[in-house]
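Asks: What follows is a predicted structure for the sequence shown.
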Amino acid sequence: MRMKMVTESQTLKDAAKEFLAYKKAQKIRERTLKDYHKYIDPFIAQSSNSMDIDILRREILEYFADIPTTSPARYNHPYQYLHALFAWCAKQDYLPYNPFDKLDLKKLKDDGNIQPATIKEIQTFLKCLDKHNYTELRDHTIVLLMLDTGIRTSEIMGLKNSDYDMDGQCITIRAEVAKTRRGRTLFLSGMTNTALKKFLKVKPKEWQDWLFPTRDGIQLQSNVLARNFRKYCERSGVKFTPYQLRHSFATFYLQNGGDLFTLQRQMGHADLQMTRRYTEVSDEQVYKSHSAYSPIGMLQSTSRKKKV
C-alpha cells in the first residue's frame with residue numbers, strides 16, 4: 001500500500017485534529033474525548049509539529065524520558081493515548097508505521113502497591129478544612145463519600161442532585177458516568193448522609209444540576225479537586241491523593257470482614273482480578289493475624305487449663 005502524500009503544510013497538529021474529530025464521530029464518552037486532549041495536546045505543544053517519522057521517534061523518546069516512572073499511571077496514560085494517535089496515523093498512511101512500534105518503550109507494570117491513607121492521616125487532613133468555606137466544606141463531604149463508598153473521582157464529578165436519595169441514604173452511579181458503563185447503587189453511612197444533607201443546605205438552591213459544583217455552580221473537574229488536595233496536604237502535613245481514599249476504603253473493607261465479591265460490586269470493577277489487588281497485606285497485618293489466630297495459641301490455652 002502506498003503512503004498518502006503528506007504536504008509540507010500538513011502538521012502533527014493537523015493530523016491530531018483529524019484524529020480527534022474521528023474519535024468524536026465514534027460517539028465516545030465526552031470524558032474520554034477530554035482524556036485524548038489531555039494527553040495528546042501537551043506532546044504536540046512541545047514537539048516540532050513535524051510528521052517526519054525520524055523526528056517523531058526522537059521527540060517521543062525525549063518526551064517519555066522526562067516523565068517520572070515512579071507512578072505507572074503518569075507514564076502509561078500518555079503512552080496509551082499517543083500510541084492510539086500514531087496507530088491511526090499509520091492506518092491512514094500519514095506515517096509509514098507507528099513510531100512506537102520501532103521504539104524500546106513499554107507501558108509500566110502497575111503492581112497495585114498503593115499505600116492506603118491511615119485513619120489518623122485522614123482525621124488530620126479533615127481537621128484542617130474550614131467547613132465555613134463553601135469549597136472546603138464541599139471537599140470535606142467528598143472525602144467522607146470516597147472513604148465511605150470507594151467511589152471513583154470521575155464518578156464524583158458526574159454526580160447530579162437527582163443521583164442522591166436522601167431518604168434511601170444512597171447514591172446512584174449512572175451507567176454513562178461509570179467507568180465500566182455499568183450503573184450501581186452505593187449506600188451511605190449515617191455520618192456521610194448527614195454531611196451530605198448539611199452541604200446541600202449550604203449549596204445555593206439555584207444550582208440544581210451537579211451535586212458537587214464549583215463556587216460558580218459549574219461542574220467540578222478532577223484536576224481542580226487534585227489541586228485542592230495538594231493544598232490541604234501541605235496545610236495538614238499529611239500526604240495522600242483522592243485515589244488513595246478509594247484504596248483505603250477497599251483495604252479497610254476487607255480488613256473489617258467484607259468479602260471480595262461484594263467489594264467488586266461496590267468498587268464497580270469489571271472483573272474480580274482488579275479487586276484482588278486489595279487483598280495484599282502488610283507484614284504488620286500478617287504478624288497481628290498470626291498472633292491472634294495461630295493454633296499454637298489454642299495449645300497454650302489448653303495447657304493452662306490442665307495445670308489449673
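Replies: Arrived safely. Numbering: from 1, shown residues only.
Asks: Torsion angles phi and psi at residue 173?
Replies: phi -90, psi 110 (degrees, to the nearest 10).
Asks: in the sheet, who's paired with it?
Replies: residue 184 (DSSP bridges).
Asks: And it, how far from residue 76?
Replies: According to CB to CB, to the nearest Å, residue 173 and residue 76 sit 24 Å apart. The way it works is simple: take the backbone N, C-alpha and C, and place the C-beta from them, glycine included.
Asks: How about residue 84?
Replies: Distance of residue 84 to residue 76, computed by CB to CB: 13 Å.
Asks: Please say which of residue 173 and residue 76 ends up with more neighbours.
Replies: Neighbour totals were compared for residue 173 and residue 76, and residue 173 leads with 23 against 16 (other CB atoms under 10 Å).
Asks: Just to check, that one is in contact with residue 183?
Replies: Yes: Residue 173 is in contact with residue 183 according to CB atoms under 8 Å; the separation is 5.7 Å.
Asks: what sits in contact with each of these two?
Replies: Common neighbours of residue 173 and residue 183, counting by CB atoms under 8 Å, 6 or more residues apart in numbering, are absent.
Asks: Just the buried residues of the lengthiest helix in the chain, please?
Replies: The single longest helix within the chain, with elements called by DSSP state H, is helix 72-91. Buried positions in helix 72-91, judged by neighbour count with 16 or more other CB atoms under 10 Å: 72, 75-79, 81-90.
Asks: so how far is the helix or strand that comes right after it off the chain centroid?
Replies: Using DSSP states H and E, the helix or strand that follows helix 72-91 in sequence is helix 119-127. Centroid displacement of helix 119-127 relative to its chain, using CA atoms, centre = their mean, to the nearest Å, is 21 Å.
Asks: by contact count, what packs against helix 119-127?
Replies: Helix 119-127 is packed against helix 134-149, helix 222-236, with contacts defined by 3 or more CB pairs under 8 Å, 6 or more residues apart in numbering; DSSP states H and E.
Asks: Pull out the buried positions in the longest one.
Replies: Going by neighbour count (16+ other CB under 10 Å), the buried part of helix 134-149 is 134, 136-149.
Asks: now the shortest one
Replies: Across helix 222-236, burial judged by 16+ other CB under 10 Å covers 225, 228, 229, 232, 233, 236.
Asks: In terms of secondary structure, what does that helix contact?
Replies: Where contact means 3+ CB pairs under 8 Å, 6+ apart, helix 222-236 is packed against helix 119-127, helix 134-149, helix 153-157, helix 242-255.
Asks: angle of the last one against helix 119-127?
Replies: What that stands for is helix 242-255. Helix 242-255 runs at 140 degrees relative to helix 119-127, counting by axes from the mean of the first three to the mean of the last three CA atoms, to 10 degrees.
Asks: Buried residues, helix 242-255. List them.
Replies: In helix 242-255, counting by 16+ other CB under 10 Å, buried: 242, 244, 245, 246, 247, 248, 249, 250, 251, 252, 253, 254.
Asks: now the angle between helix 242-255 and the helix or strand harbouring residue 264, please.
Replies: Assigning secondary structure by DSSP H and E places residue 264 in helix 260-267. Using the same axes, to 10 degrees, the direction of helix 260-267 lies 150 degrees away from that of helix 242-255.
Asks: wait, what's in contact with residue 178?
Replies: Residue 178 neighbours (CB under 8 Å, 6+ apart): 155, 184, 268.
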